[in-house]
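In: Curious how this folds, go ahead:
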Amino acid sequence: MFVVDTNILIYAANRNCLEHKCCREFLERWRVQNSVWYTTWGIIYEFLRVTTHPRVFQHPWSIEKAWAFVQALLDAPNLTVLSETDRHHKTAKEIFALNQLVTGNLVFDAHTAILMKEHGVQVIYTHDMDFHRFPFLKVVDPLTA
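Out: Okay, the predicted model is just below:
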């Protein structure tokens, strides 16, 4: 069980980046595997934001193209989108108490980490080293694995 982070999805989608081949191969394997894997709605919306943004994505996609990519992910039989549970506020409070350096842009990563803790998922595939700030997570960078 693991979560796939936004940057891995973006690399898998962006044929113009050096990381594309590696991340695309990982993504294709995950889409057909038998074990469950996860993402979050926040990660999906961040993917949509980046891939359609002309100042962020070199060749921005239309929202239709970006959503088609997302839909292909959502159609994978063993992908589940994590959502908040009734324990979310308690888990958030716990994480923020342990890591008082969560501020600014790190709040978004904290939301992902909180969802993972709520659902008992400990592994995240990401190229974002900020996730190392959450000691209950195992961070796997597929670009260096």
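
In: So which other helices or strands are in contact with the helix or strand where residue 11 lies?
Out: Take DSSP states H and E as the rule and residue 11 turns out to sit in helix 6-13. Helices and strands touching helix 6-13, by 3 or more Cβ pairs under 8 Å, 6 or more residues apart in numbering; DSSP states H and E, are helix 20-32, helix 41-51, helix 63-74. To be clear about C-beta, it is placed using only N, CA and C from the backbone, and glycine gets the same treatment.

In: Out of those, which is the most enclosed?
Out: Greatest average neighbour count among those goes to helix 41-51 (a mean of 18), per mean count of other Cβ atoms under 10 Å.

In: quick one: that one to helix 6-13, angle?
Out: If you take axes from the mean of the first three to the mean of the last three Cα atoms, to 10 degrees, helix 41-51 sits at 50 degrees to helix 6-13.

In: Can you pull out the residues in contact with helix 41-51?
Out: Contact with helix 41-51 is made by 3-6, 9-10, 13-14, 56-57, 60-61, 63, 65-67, 69-70, 73, 81, 83, 108, 111-112, as judged by Cβ atoms under 8 Å, 6 or more residues apart in numbering.

In: at 7 Å what do you get?
Out: 5-6, 9-10, 13, 56-57, 60-61, 63, 66, 70, 81, 83, 108, 111-112 (Cβ atoms under 7 Å, 6 or more residues apart in numbering).
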